[in-house]
Structures are given as C-alpha cells and as structure tokens.
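Engineer: The following comprises the amino acid sequence and a computationally predicted model.
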Amino acid sequence: MKKKIFTANAPAAIGPYSQAILSNETLYCSGQIALDIDGNLHNSNIEDETFQIFKNINAILNEVNMTFENIVKSTIFLKNMDDFSTVNTIYAKYFKSNPPARETVEVSRLPKNVNIEISVIAVK
C-alpha cells in the first residue's frame, strides 16, 4: 500500500515527487529545504534554513499523526561541512532522547542553491 501525503502546512513539491509517501506504517518524507508554504526561501543563514526545514518536517509528520519521536532515520545534505556543528546543535533540540540513525554528507549543490536539505523516515 502506498499513499501520497500532502499538507498545505508545508511547501508543495517543486518537482515531480510527493511531500511524503506512507507505506504501511512507514512515512518516507522527501528532502526538505528552507521554503515556507508561500514559496519564500529562508536562507539568510544556516540557522534560519535549518529551523524552517524542521518546521516543514513537523507539518508533514502532523499530517499523519506522527511526531519527531517517530523518526527512525534522517539524512542531512550540507553544502559546507563547516556548518555541521551549528546544524547539530539545532538538530539536538528536536531529538532530545533516542535520536534516529543518521548520516550527514557534504554535497556540491542543492536545489535552489540552499545550504542544507534534510529527509526523514518515520514509523508509527
């Protein structure tokens, strides 16, 4: 079973993909960048970008009655690994106990030239 998940409380997909897919009890959330629901990019600094991404992820999780506690895996794509410490500090605010498995990789470029993109997998 595969169900497309959409919420108006997170930015619409900017390409031919879904915000998320729910399959059985697992939510596969597409990579989120720092767009708000009006399509505005919040990229004045890595902190603003990261907080906006977590706001988007939260909205998608809420659409299927999940929270950050349901996240079992995350992937962080960074344009500059020098931002790792700052992102880690913000990330830790959302995962106070039992943080998910994760990898963080540096990439040369991301959509809309943002500095960070985060995708997650969550399980009910």
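Structural biologist: That came through, no problem.

Engineer: Quick check: buried residues in stretch 1-8?
Structural biologist: The neighbour-count check on stretch 1-8 (16 or more other C-beta atoms under 10 Å) flags 5, 7 as buried. Placement of C-beta: from N, CA and C, glycine included.

Engineer: Just the C-alpha atoms of that stretch, please, in PDB.
Structural biologist: Written as PDB, here are the backbone C-alpha positions of stretch 1-8 (Å, rounded to 0.1, in the frame of the first residue of the first chain):
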ATOM      1  CA  MET A   1       0.000   0.000   0.000                       C
ATOM      2  CA  LYS A   2       1.300   3.400  -1.000                       C
ATOM      3  CA  LYS A   3      -0.500   6.700  -0.100                       C
ATOM      4  CA  LYS A   4       0.600  10.100  -1.200                       C
ATOM      5  CA  ILE A   5       0.800  12.500   1.800                       C
ATOM      6  CA  PHE A   6       0.200  16.200   1.300                       C
ATOM      7  CA  THR A   7      -0.300  19.100   3.700                       C
ATOM      8  CA  ALA A   8      -0.900  22.700   3.000                       C
END
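
Engineer: so residue 22 is in which element?
Structural biologist: Element membership of residue 22 [criterion: DSSP states H and E] is strand 20-23.

Engineer: Which elements pack onto that strand?
Structural biologist: The contact analysis (3 or more C-beta pairs under 8 Å, 6 or more residues apart in numbering; DSSP states H and E) places strand 20-23 against strand 3-5, strand 26-32.
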